[in-house]
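>>> Here is my input; please provide its structure:
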Amino acid sequence: MKVRIIHLVILAVAVAFGSASAVAQTTFTFTQVDPPGSVSTEADDINSQGQIIGFFFDAAGRQHGWLFQNGSFTQIDFPGASATRTVNINNSSVITGSFLDAAGVQHGLVGPADHLTRFDVPGSTSTNGEGINDPGTLVGSFTDAAGQIHAFVKRRDTFNTFDFPGGHNTIPVAINNRDEIVGLFTNAAGVTHAFTLRRGIFTQLDPPGSTSSEAFGINALGFVVGSFTDAAGNGHGFFDQRGVFSEINFPGAASTDGNGINAVGVIVGDYFDHAGVEHGYIAVH
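Below is the predicted model of the structure:
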C-alpha cells in the first residue's frame, strides 16, 4: 500500500465509524499497463470513454504524466516543470494533478493534456490537485505555512478547506458528480484511514481485516476503490460496493493498489512485483 505524501470549510461534521460491512468474492481480469520508457508506473484514473491517466518515472529518474487513449500513450509534461504528476481525468478529458517548478515547489495543474494551467491554494506553500468531476470541481491537498497538510475543494475560483474531524494530514483524492469525496487522513495514533464525505457526513472507511487504509477513487454509483494493509503487513486493493468489499490482487504481485474506477466499474491501479518494480493495470469484473 502506498501513502500519498502530497502537499470547504464543511460545516456538517457528523462522523460515522465502524459501519457494518460484508465481504464478497469478485473475480477480476487484469491487463498490465506500462508506458514506453517507464521503469515505474502508476495508473490512477479512468473515465467513461476509457481514457486512462497516470504517471511514470523514466530510466533517468524523471517523473512524467501519461494519457492512454485509442490504444496509444501520450507523455504529459507541464511546461518548464522538473516533474509532472497527472492523476485524475473527467469525462470531458480535463486532467488534474501537480507539478514541481524549477525551484522544487509543488503546484496544482488542471486542463486538457495539451493546455494545462497552474493553480495554488491562497497562502499555501505547496498545492496538489487530486480529483476532478464533470462540473469541474477540484479536490486536493495543500501545505500551510506551519507545514501542516489540509484538504481543499475548489469550485471555480473559490477554495474551501477542511480536515477530517479529529484527524490530520487530510487528503481528498477523488470526487464524483454528486460531490461525494473519498480520500485518507491520519488519526491521533498516526494510523492512516480511508474516508468518505457524503452529504456533509464524514465516515471512516476500513475494509474488513485492515490495519490501515486509503481510498483513491469513487464512481457515479458511489462505489469506492482503494488500498489497505492486513494484519500480516501485506498490501491489497479493495473494491467497496457500498459496504460490500472485495479484495483486488494482481496475480503474483507483492502488493496491489486500487486507484480509479469509472461509471461501468472498470478499475485501474498499480502493483509491485517481487523485484520491487511498480506497474499499472486495468481490471474488469
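>>> Going along the chain, name the helices of the stretch 151-285 of the chain.
Using DSSP state H, counting those that start in this stretch, the stretch 151-285 of the chain contains no helices.
>>> so where is it shaky, pLDDT-wise?
Counting by pLDDT under 70, the stretch 151-285 of the chain has no low-confidence residues at all.
>>> I'd say E214 and V224 touch.
No - at 10.6 Å, E214 does not count as touching V224 under the criterion of Cβ atoms under 8 Å. Every residue, glycine included, has its C-beta placed from N, CA and C.
>>> list residues touching both of those two?
A194 (Cβ atoms under 8 Å, 6 or more residues apart in numbering).
>>> which residues touch G140?
Contact partners of G140, counting by Cβ under 8 Å, 6+ apart, are 6, 96, 98, 108, 127-131, 151-152, 154, 171-172.
>>> what secondary structure does it sit in?
With DSSP: H, G, I helix; E, B strand; the rest coil as the basis, G140 sits in strand.
>>> Who does it form a beta bridge with?
G129, F152 (DSSP bridges).
>>> now swap in S212 and tell me
Bridge pairing for S212 - DSSP bridges - gives T229.
>>> before we move on, the earlier item: in JSON lines: the contacts of G140, plus distance to L116.
Formatted as JSON lines, those follow (distance: Cβ to Cβ, whole Å):
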{"residue": "I6", "distance to L116": "17"}
{"residue": "T96", "distance to L116": "9"}
{"residue": "S98", "distance to L116": "11"}
{"residue": "G108", "distance to L116": "10"}
{"residue": "T127", "distance to L116": "14"}
{"residue": "N128", "distance to L116": "14"}
{"residue": "G129", "distance to L116": "10"}
{"residue": "E130", "distance to L116": "15"}
{"residue": "G131", "distance to L116": "16"}
{"residue": "A151", "distance to L116": "22"}
{"residue": "F152", "distance to L116": "19"}
{"residue": "K154", "distance to L116": "15"}
{"residue": "I171", "distance to L116": "21"}
{"residue": "P172", "distance to L116": "20"}
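>>> could you measure the residue nearest to L67 when sequence neighbours are not counted against R118, distance?
Computed as Cβ to Cβ, 6 or more residues apart in numbering, the closest residue to L67 that is not its neighbour in sequence is T74, at 4.6 Å. The gap separating T74 from R118 is 20 Å, by Cβ to Cβ, to the nearest Å.
>>> out of the two, which sits in the more crowded spot?
Shown here are T74 and R118; by other Cβ atoms under 10 Å, R118 has more neighbours (17 against 13).
>>> and the spatially closest residue to that one that is not a sequence neighbour, how far is that from R85?
The spatially closest residue to R118, leaving aside those adjacent along the chain, is H107, at 4.9 Å (Cβ to Cβ, 6+ apart). Distance of H107 to R85, given as Cβ to Cβ: 11 Å.
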